[in-house]
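Peer 1: sequence unknown, structure follows:
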Ligand code: 13P
């Protein structure tokens, strides 16, 4: 079985001191043998990237950011570029999280620009897609996710898809305690895989990692990981609790 990717999205949580505490607990608690089954990634806020990077040196835990800007540099107050993330030690970057789409005006077009910039700089993108509760209830959820994937990948070549990760995160499951069930997750993974197959080919669809995100915790992770097509998880709240995060990793069979 291929390795899963277990990613913690810390969102806007933890100052530098709190980040140090969490990372120390993770590095102590995640034994070397766990890495046979998965890669582990943490995505702290920008202010904690450097300290996290230095604490992770010599460990197998990887580092990612939660956002980037598509321009190289310049007068973009409050933004952070791909090269800045690289210099802070990032290997991955989350792009198009629903919270950014919902609260910060992220559109399919800006998501696409960010993906291009990340790939140009050899940062591995984790593209987030997912439908709202209303879209699910209206029965348009498959189309919504398919369109999000297509728009995000406009102009991206098959070669660039090599290290690509897509996280299916239904908006109604994020932070609500209501995770999608196995049938819902595998159905959406199939849609995402088929969309990649249609845009590129079956090889690209097979090599793509598809994560699930939305209320993953150490009680439901085993079932989620055994769901068809799930290559790992993007975890919010539970990634801030070291015991919970480590138990999620341990639940991979
Ligand atoms: P929760 O795990 O807190 O539901 O958040 C999921 C998420 O948004 C990860 O990106």
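Peer 2: Looks like it arrived, so ask away. Bear in mind that the values here come from a model prediction, so they are computed numbers and not experimental data. Residues are numbered from 1 along each chain as shown.
Peer 1: So residue 253 sits against residue 221, correct?
Peer 2: No. Using CB atoms under 8 Å, residue 253 makes no contact with residue 221, being 10.5 Å away. Glycine gets a C-beta too; all of them are placed from N, C-alpha and C.
Peer 1: Looking at those two, which one has more neighbours?
Peer 2: residue 221 (25 against 8; other CB atoms under 10 Å).
Peer 1: Contacts for the helix or strand residue 119 falls within next, please.
Peer 2: Using DSSP states H and E, residue 119 falls within helix 108-120. Contacts to helix 108-120, defined as CB atoms under 8 Å, 6 or more residues apart in numbering, come from residues 67-72, 81-82, 93, 95-96, 101, 124-125, 127, 147-148, 151-156, 160.
Peer 1: Same check on stretch 169-186?
Peer 2: 97-99, 102, 128-133, 136, 141, 168, 188, 212-216, 220, 223-224, 226-230, 234, 236-237.
Peer 1: out of these, which touch the ligand?
Peer 2: Within the set of the contacts of stretch 169-186, contact with the ligand (CB under 6 Å from any ligand atom) is found for 97, 213, 214, 215, 216, 234, 236, 237.
Peer 1: of these, closest to the ligand?
Peer 2: residue 236 (2.3 Å; CB to the nearest ligand atom).
Peer 1: Give the burial count for the closest one, as a bare number.
Peer 2: So residue 236, with other CB under 10 Å, has 20 neighbours.
Peer 1: what's near enough to touch the closest residue to it other than its chain neighbours?
Peer 2: Nearest residue to residue 236, sequence neighbours excluded (CB to CB, 6 or more residues apart in numbering): residue 9, at 5.3 Å. Residues counted as contacts of residue 9 (CB under 8 Å, 6+ apart) are 43, 66, 94, 97, 213, 234, 235, 236, 239.
Peer 1: From those, list the buried ones, please.
Peer 2: 43, 66, 94, 97, 213, 234, 235, 236, 239 (16 or more other CB atoms under 10 Å).
Peer 1: what's the closest of the residues you listed to residue 106?
Peer 2: residue 97 (7.8 Å; CB to CB).
Peer 1: Which pLDDT does the model give that closest one?
Peer 2: Residue 97 carries a pLDDT value of 98.
Peer 1: ok, how many other residues are close to the residue lying closest to it once chain neighbours are set aside?
Peer 2: With CB to CB, 6+ apart as the criterion, residue 97 has its nearest non-adjacent residue at 4.6 Å, and that residue is residue 128. Residue 128 has 28 neighbours, counted by other CB under 10 Å.
Peer 1: Among the ones next to the ligand among the contacts of stretch 169-186, which ones are in helices?
Peer 2: Under the assignment DSSP state H, these contribute nothing to helices.
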